[in-house]
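>>> curious how this folds, go ahead:
(chains A and B)
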Amino acid sequence: MVEFNNISFNYSKQSGVYNIDLSINENEFCFLVGPTGSGKTSLLKLMYFDIIPSKGEIDILGFNSKKTKKKNVHKLRKKIGVIFQDYKLLQQRTVYENIALPLHINGIGRKKIKENVSEALKLTDLNDFQGKYPFQLSGGEQQRVCIARAIVKNPEIILADEPTGNLDPTAAHKILKILEQINKEGTSVVMATHNYKLIAEKDYRIIELKNGRLISG
Amino acid sequence: MIDQFAFLISEGFKIFFRNKLASFLCIITIFINFSILGFLFVIGFNTNSLIDFFRSKYTFEIFLENDTKSSSYESFIKELSTDEIISNIKLIDKEESAKIFEEEFGENVVEMLGYNPLPVSIKVFLSEKDFEFEKVDSLIFSIESIDFVDEIEYRGKYINQVEDRINLAIFIFLIFVIAIIFLSIQIISNTVKLSMSNRKDFIDILKYNGASRFFVKVPFYIESFLHSIFGGLLAFIFVKYLFTGFNSYFGVNVKLDEFLWIWIIGFSIFIGLYSSSQSMKRNLNE
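Sure thing, here's the model as predicted:
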């Protein structure tokens, strides 16, 4: 599903990711761990082609980082759900409108949008919030909206960048539970985190990064 | 597909109405620029009529020596009428000259002097279509050398100067037009740039959720389209009523092209969309 072949990417001389060889399988749940600045976000960005490796190549869901033209990157992103630490929600749109956005992008009809959004709201326990605006919600609720938006289009893989980074332990556990549920339903999940306590009891694969290099996993 | 299109249209309107101040300023700028362009267009349109008017006055009059025999000038008139740059020739005999004199000065020259001193003259009307100053000059030069020709009255040089001035004015107008178009493009581009930077989050969210470049651009094109159509419409109304008022106040007849509204609104939309596409190309890193 995802193959990193000796990839490197540098922001500057001292930051980036270096010589990464990695593969992630279908329906896998894995944690991407490491201290701040270790390259977790870069690795995720490489997966949705927000940055392109300066060396090596990535194959993801049938798209190759060297062969895919810039104008076709959106086709890959339609198959990926991305969850951001800072949520990236549209503040002037309601929860419902935020979640429905990827479906509008995919050209889904109004009726189907209603059905899919309703399912996503149910899974993320946001039924009571659909008419509210993001600024009226807590951090944990906003992150659940972000997750609902990522899953509403039924992606093949979810890339979650520190989804619990700004949340209290209860909200963080709730988020992790939702991601596990999504994974159980057949979607691969890659979750970047530096919250070792949260994942300590989990029996999932852990990919560890340090200073932009793969330590284990 | 229809739902997607409806979504994009509604996004374009949302951007337009959410950015009220920028939209207002952009519309005002387009209005001012296209009012000037419309004004220049009307002037340019009427300049052609002005040139046609001057050209319709292109005549010269050949005054003959008093003792010229009718047989001489009749054959001369015949010869002249074959020239392609001449549209018509009118012979003004001594009696008609006296009548013209009386109309102009209120005196009967024959009664006053006891004889008619006025010469026979030939009024030559030049063709507007085939008019060329060089040809007229060479014709006049050749006529001057004829024995029975006393004098030629020709205002061609003044008319030539007037035409030169009109052409200079048109050239200056053109420079103005180009400058205004350039200015419009810059202003609209910058408005779109501002609009895009205000909505960087929106653009990023669209991109990360799989929106194509086209999908990202459409709402901004719609915003520009709305700016252009409102700005252009206001400019058309202004120019139309400006010249209508001018005509009725000064009792003149400045003509307005019946397709003026298409020129102004259509052109403002074209410039609006072109500027947006240029701005988006730069700002979406294409």
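>>> CA atoms for contacts and neighbours, from now on please.
OK.
>>> what strand or helix carries the closest residue to B:Ile32 other than its chain neighbours?
Residue nearest to B:Ile32 in three dimensions, not counting chain neighbours: B:Ala235, with 6.9 Å by C-alpha to C-alpha, 6 or more residues apart in numbering or on different chains. Taking DSSP states H and E as the criterion, B:Ala235 maps to helix B:213-250.
>>> from the contact counts, what lies against the helix or strand following that helix?
Note on helix B:213-250: by DSSP H and E, the next helix or strand toward the C-terminus is helix B:260-261. When contacts are defined as 3 or more C-alpha pairs under 8 Å, 6 or more residues apart in numbering or on different chains; DSSP states H and E, helix B:260-261 sits against helix B:213-250.
>>> near chain A, which residues of chain B?
B:1, B:3-4, B:7, B:201-202, B:205-213, B:215 (C-alpha under 8 Å from any C-alpha of the partner chain).
>>> could you give me the PyMOL syntax to select whichever of the residues you listed are buried?
A single PyMOL command is used to select the members of these judged buried by 16 or more other C-alpha atoms under 10 Å in any protein chain shown:
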select buried, chain B and resi 4+7+202+205+206+207+208+209+210+211+212+213+215
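>>> identify, from the residues of chain B next to chain A, the entry nearest to B:Phe246.
B:Phe7 (45.7 Å; C-alpha to C-alpha).
>>> closest residue of chain B to chain A?
Chain A sits closest to B:Gly210 of chain B, with a gap of 4.3 Å, by C-alpha to the nearest C-alpha.
>>> hmm, back to that, same question for the helix holding B:Ala235, mean pLDDT?
Mean per-residue pLDDT for helix B:213-250: 91.
>>> then stretch B:28-43?
89.
>>> please export the C-alpha coordinates of that stretch as PDB.
Only the C-alpha atoms of stretch B:28-43 are listed here, as PDB (Å, rounded to 0.1, in the frame of the first residue of the first chain):
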ATOM      1  CA  ILE B  28     -15.200  50.800  -7.800                       C
ATOM      2  CA  THR B  29     -11.800  50.500  -9.500                       C
ATOM      3  CA  ILE B  30     -13.200  48.600 -12.400                       C
ATOM      4  CA  PHE B  31     -16.000  51.100 -12.600                       C
ATOM      5  CA  ILE B  32     -13.600  54.000 -12.800                       C
ATOM      6  CA  ASN B  33     -11.200  52.300 -15.200                       C
ATOM      7  CA  PHE B  34     -13.900  51.200 -17.500                       C
ATOM      8  CA  SER B  35     -15.800  54.500 -17.400                       C
ATOM      9  CA  ILE B  36     -12.600  56.100 -18.700                       C
ATOM     10  CA  LEU B  37     -12.200  53.400 -21.300                       C
ATOM     11  CA  GLY B  38     -15.900  53.700 -22.300                       C
ATOM     12  CA  PHE B  39     -15.500  57.500 -22.500                       C
ATOM     13  CA  LEU B  40     -12.400  57.100 -24.800                       C
ATOM     14  CA  PHE B  41     -14.300  54.500 -26.800                       C
ATOM     15  CA  VAL B  42     -17.100  56.900 -27.500                       C
ATOM     16  CA  ILE B  43     -14.700  59.700 -28.300                       C
END
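>>> give the contact list for B:Tyr274.
B:Tyr274 is in contact with B:Ile185, counting by C-alpha atoms under 8 Å, 6 or more residues apart in numbering or on different chains.
>>> now residue 180: which helix or strand?
You didn't say which chain, so I picked chain A. helix A:169-184.
>>> nope, chain B
Per DSSP H and E: B:Ile180 is located in helix B:156-198.
>>> by contact count, what packs against that helix?
Helix B:156-198 sits against helix B:20-56, helix B:213-250, helix B:267-283, with contacts defined as 3+ C-alpha pairs under 8 Å, 6+ apart.
>>> looking at those helices, which is nearest to A:Lys79?
A:Lys79 sits nearest to helix B:213-250 of all these, at 16.7 Å, using C-alpha to C-alpha.
>>> quick one, phi psi at the residue nearest in space to the middle of chain A?
The geometric centre of chain A, computed from its C-alpha atoms, lies nearest to A:Leu159 (C-alpha atoms, centre = their mean), at 2.1 Å. Dihedral pair for A:Leu159: phi -110, psi 110, per degrees, to the nearest 10.
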